[in-house]
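Trainee: my questions concern the predicted model and sequence given below.
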There are 2 protein chains.
Amino acid sequence: MLIVQKYGGTSVGSLERIKAVARRVAESVQAGAKVAVVVSAMSGETDRLIGMAGSLCQRPDEREMDLLLSSGERVSAALTALALKELGVKAMSFTGRQTGIMTDKAHTRAKIEKITATRVKKALDSGSVAVIAGFQGVTEDEDVTTLGRGGSDLTAVALAAALEADLCEIYTDVEGVYTTDPNIVPEARKMEKISYDEMLELASLGAKVLQTRSVEFAKKYSVPLVVKSSFNNAPGTYIVKEDKDMEKVVVSGVTYDKNQSKLTVLGVPDKPGIAGRLFSEIAGAGLVVDMIVQNISPDGRSTDISFTTPRTDSPKGLDIIKKFASEHGARGVDLKDDISKVSIVGVGMRTHSGVASKMFETLAAHNINIMMISTSEIKVSCVIESKYTELAVRVLHEAFGLEKAA
Amino acid sequence: MLIVQKYGGTSVGSLERIKAVARRVAESVQAGAKVAVVVSAMSGETDRLIGMAGSLCQRPDEREMDLLLSSGERVSAALTALALKELGVKAMSFTGRQTGIMTDKAHTRAKIEKITATRVKKALDSGSVAVIAGFQGVTEDEDVTTLGRGGSDLTAVALAAALEADLCEIYTDVEGVYTTDPNIVPEARKMEKISYDEMLELASLGAKVLQTRSVEFAKKYSVPLVVKSSFNNAPGTYIVKEDKDMEKVVVSGVTYDKNQSKLTVLGVPDKPGIAGRLFSEIAGAGLVVDMIVQNISPDGRSTDISFTTPRTDSPKGLDIIKKFASEHGARGVDLKDDISKVSIVGVGMRTHSGVASKMFETLAAHNINIMMISTSEIKVSCVIESKYTELAVRVLHEAFGLEKAA
């Protein structure tokens, strides 16, 4: 059995916590597993380094930032290896480069192109635990790169794929993935098992637990993941390939996103290709568009085009649509920042009908107005007024019976 | 003009200090020089990392320690490069590996075997400042190594040799090398120029300023050094090849070492080869012996053998000589920890006579008893009772007129 274990910043946040991690790794070794451990920087360390760079310059050079930030994980890796040795467990640390994590040259958000893991394999075969500094790689020019926030998750998943590991365990400060945010719904239940696609669609819920890119990577290479707490021994949530059992569950989770804005161009003359022109301008400015709705105006000769973007992009979006509106003789523009998106997610939707209508009815029954709707195979999202977010999440969680195990 | 500048831990000890370093480097660039900058870890950082390792285990693995400790200099290098860019100066950081500093595998005290500096040369040729993380290198297996305490000095000197630099500037928290310890003799004078050999012999004085190995390296490759303060613009002390001017100065400095012990085997039967046997046992135990004196006992048939070792080795030394004494029928042993070594140093001694006798007379005139004497071409050392150290340094400094410029 070959396991990759990843420990996040809080899990290695102090010397005491590093010792606890070492004990947990030692248990896996004693149980007969070969273990590769991927560690993040000690919590607070990355922010400390970013803070130092920020007080030296406004826009730090990205190549320099990567050298700076990669040091945090190297420290954790060395300390974790030392703690393991102190327990009498053979261990050896490896940097991103020593692990053979080759990336492109996109500093601060590099993509992994290849993992050789030659030295890591050799260490594992010789009965040693390999402790790998997460979050980092190296370009073909031997420059240090980092993989973006949460990049240690990606290191772990990619390494698990390269080593053909039996399991990739992601240890963090939560016990797993919940049916919704427990801060809103105290009855939220920890899921035992979830598919890669559901995890990806759970977005805001999932992203707090596991970096999105790492889930995509796990899906692509069919790496079985489990998310669990490093602070106790509770079973976590498995994130695996979709299986027949999962289809029985119509809705697995309710998620929400408060960081969206809704932009509308009002009364655009309804000419062919007008929407295409608008969205190519928006894409050209680098804005991410999530949902799009187009309605015919009451007069029948003009149209209202609405779309959502992340809140941070809304001022830029507003400038673009104002210019577009005046150039194309539209009646005006509108920006709503006080909206949020509530979604239900589940692979069972593919084989069950009436899920969307149940969602709409539930919201309506609580006088929550739906402003926009979008659906995918395994997700239905509604844009609503922001102040109803918590209420919507609660009533949907209850309506789909998520507090009860499937 | 190609200059290597090295900034120690206090010189990069805070973000403000790093900005000051960047301004100084920028001045050199504006004056038309190509500049390679070698930086130490921010002061306190190495001790912090050692402290963390120490609380995880008693004897940290040396390979892991090297990965751990090397991170401090990487952080400084990245921050310094950022500070330079903020001033509009083209700059790029390089790790030990990126600088091509190849070492042997002696972790925590590695020796430099080769420096390619390919990327550093390329950066300098393209008009960029190269900022190099000091203290570190890499083995042929791509493991990170460190060069021992003060290793950043060695990085700077070795890099200066590899780049055939015109000058290697060592910036530190003192203004240069003094004729003696200014804490003991307020009249101590900063030397303008000193030879490599004198610097090496000044030992305790010099070692505070510049790592001994780096001076040896500078001598071997004729790298001109200057030691100066990073806190002001005072001219520093040049450490260069011996020249005719230097011979005129009979004594350049007075140095002392309080961390010595004197061990004696009393009344050893005077057989041929007996001293050789004693010192091969001592060397076998890894003890460093500095001075050796052998006297014939009053009875003419036995001998007293005394030697000095660093204070920390004296308990181990005592064990060895006790065993040796009982095995070879010696009368007994003696350990004196309250001694110190006072030395006068100067290349002018080679061509001037009467220097040693003037030293002995000066000490005698102040009732300071000399317990051991050793001489080299450019140094005379006397072991005296520890309590007279300051007095001896003061009277010798005065006797040889060191407070006056040559």
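Mentor: Here it is on my side, so go on. All figures in this text were calculated on a predicted structure; none of them were measured in a lab.
Trainee: contacting residues around the residue in the stretch 101-250 of chain A that chain B sits nearest to?
Mentor: Sorted by distance to chain B under C-beta to the nearest C-beta, the residues of the stretch 101-250 of chain A start with A:Glu142, at 6.1 Å. To be clear about C-beta, it is placed using only N, CA and C from the backbone, and glycine gets the same treatment. Contacts of A:Glu142 were listed using C-beta atoms under 8 Å, 6 or more residues apart in numbering or on different chains, and they are A:Arg97, B:Arg97, B:Gln98.
Trainee: spell out which parts of chain A neighbour chain B.
Mentor: For chain A, the residues found near chain B under the criterion C-beta under 8 Å from any C-beta of the partner chain are A:15, A:18-19, A:49, A:52-53, A:55-58, A:60-61, A:63-65, A:67-68, A:70-72, A:74-75, A:77-79, A:81-83, A:85-86, A:92-93, A:95, A:97-98, A:142-144.
Trainee: now, of those residues, which are buried?
Mentor: Buried by 16 or more other C-beta atoms under 10 Å in any protein chain shown: A:15, A:18-19, A:49, A:52-53, A:56-57, A:60-61, A:63-65, A:67-68, A:70-72, A:74-75, A:77-79, A:81-83, A:85-86, A:92-93, A:95, A:97-98, A:143-144, out of the residues of chain A next to chain B.
Trainee: which of these fall in helices?
Mentor: Of these, the ones assigned to helices by DSSP state H are A:15, A:18-19, A:49, A:52-53, A:56, A:63-65, A:67-68, A:70-72, A:74-75, A:77-79, A:81-83, A:85-86.
Trainee: for the stretch 151-300 of chain A, which segments count as strands?
Mentor: A:167-172, A:193-195, A:225-229, A:237-240, A:253-269, A:292-296 (DSSP state E, counting those that start in this stretch).
Trainee: output the contacting helices and strands for the third one.
Mentor: It refers to strand A:225-229. For strand A:225-229, the helices and strands in contact under the criterion 3 or more C-beta pairs under 8 Å, 6 or more residues apart in numbering or on different chains; DSSP states H and E are strand A:167-172, strand A:237-240.
Trainee: adding mean pLDDT and mean neighbour count, write those out as TSV.
Mentor: Formatted as TSV, the helices and strands packed on strand A:225-229 follow (pLDDT from 0 to 100; neighbours: other C-beta atoms under 10 Å in any protein chain shown):
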stretch	mean pLDDT	mean neighbour count
strand A:167-172	96	24
strand A:237-240	95	23
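Trainee: quick one: closest of these to B:Val254.
Mentor: Of all these, it is strand A:167-172 that lies closest to B:Val254, at 60.5 Å by C-beta to C-beta.
Trainee: which residue ranges form the helices in the stretch 251-400 of chain A?
Mentor: A:274-284, A:314-327, A:355-365, A:389-399 (DSSP state H, counting those that start in this stretch).
Trainee: tell me which of those helices sits most buried.
Mentor: Comparing those by mean neighbour count (mean count of other C-beta atoms under 10 Å in any protein chain shown), helix A:389-399 ranks first with a mean of 20.
Trainee: relative to strand A:253-269, how tilted is that one?
Mentor: Orientation check (axes from the mean of the first three to the mean of the last three C-alpha atoms, to 10 degrees): helix A:389-399 against strand A:253-269 gives 120 degrees.
Trainee: CA atoms of helix A:389-399 as CSV?
Mentor: Extracted in CSV, the C-alpha atoms of helix A:389-399 (Å, rounded to 0.1, in the frame of the first residue of the first chain):
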residue,chain,number,x,y,z
THR,A,389,-28.8,33.6,1.1
GLU,A,390,-28.8,31.9,4.6
LEU,A,391,-32.6,31.3,4.4
ALA,A,392,-32.3,29.8,1.0
VAL,A,393,-29.5,27.4,2.0
ARG,A,394,-31.4,26.3,5.1
VAL,A,395,-34.8,25.6,3.4
LEU,A,396,-33.1,23.8,0.4
HIS,A,397,-31.0,21.7,2.8
GLU,A,398,-34.2,20.7,4.6
ALA,A,399,-36.3,20.2,1.4
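Trainee: tell me the angle that helix makes with helix A:355-365.
Mentor: Using the same axes, to 10 degrees: helix A:389-399 against helix A:355-365 is 130 degrees.
Trainee: re earlier: make a markdown table from the helices and strands packed on strand A:225-229 and add distance to A:Gly150 to it.
Mentor: What follows is these, written out as a markdown table (distance: least, C-beta to C-beta, whole Å):
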| stretch | distance to A:Gly150 |
| --- | --- |
| strand A:167-172 | 10 |
| strand A:237-240 | 15 |
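Trainee: tell me which of these lies nearest to B:Ile370.
Mentor: Between the helices and strands packed on strand A:225-229, strand A:167-172 lies closest to B:Ile370; by C-beta to C-beta that is 66.7 Å.
Trainee: strand partners (parallel or antiparallel) of the closest one?
Mentor: strand A:2-7 (parallel), strand A:225-229 (parallel) (DSSP bridges).
Trainee: any idea which of these is most buried?
Mentor: For the strands paired with strand A:167-172, the highest mean count by mean count of other C-beta under 10 Å goes to strand A:2-7, at a mean of 25.
Trainee: helices and strands of chain A: which one has the lowest mean pLDDT?
Mentor: For chain A, the helix or strand with the lowest mean confidence is helix A:204-207, at a mean of 61 (criterion: mean pLDDT, DSSP states H and E).
Trainee: can you pull out the low-pLDDT segments for chain A?
Mentor: Scanning chain A for pLDDT under 70 picks out A:203-207, A:297-298, A:406.
Trainee: now do 50
Mentor: When residues are selected by pLDDT under 50, none of them lie in chain A.
Trainee: before we move on, the earlier item: looking at the strands paired with strand A:167-172, which is nearest to A:Phe135?
Mentor: strand A:2-7 (10.5 Å).
Trainee: for A:Val288, give me its contacts.
Mentor: Counting by C-beta under 8 Å, 6+ apart, A:Val288 has contacts A:Thr309, A:Pro310, A:Asp313.
Trainee: mind redoing it with 10 Å?
Mentor: With contacts defined as C-beta atoms under 10 Å, 6 or more residues apart in numbering or on different chains, A:Val288 is in contact with A:Ile282, A:Thr308, A:Thr309, A:Pro310, A:Thr312, A:Asp313.
Trainee: next one: A:Pro186
Mentor: Taking C-beta under 10 Å, 6+ apart, we find A:Pro186 in contact with A:Arg394, A:Glu403.
Trainee: now A:Pro310
Mentor: Going by C-beta under 10 Å, 6+ apart, A:Pro310 touches A:Asp257, A:Asn259, A:Gln260, A:Ser261, A:Leu287, A:Val288, A:Val289, A:Asp290, A:Gly317.
Trainee: do the same with A:Gly51
Mentor: So A:Gly51 contacts A:Gly44, B:Leu15 (C-beta under 10 Å, 6+ apart).
Trainee: ok, now how distant is it from A:Pro60?
Mentor: Computed as C-beta to C-beta, to the nearest Å, the A:Gly51 to A:Pro60 distance reads 11 Å.
Trainee: repeat for A:Ser374
Mentor: According to C-beta to C-beta, A:Ser374 stands 37 Å off from A:Pro60.
Trainee: cool, thanks, talk later.
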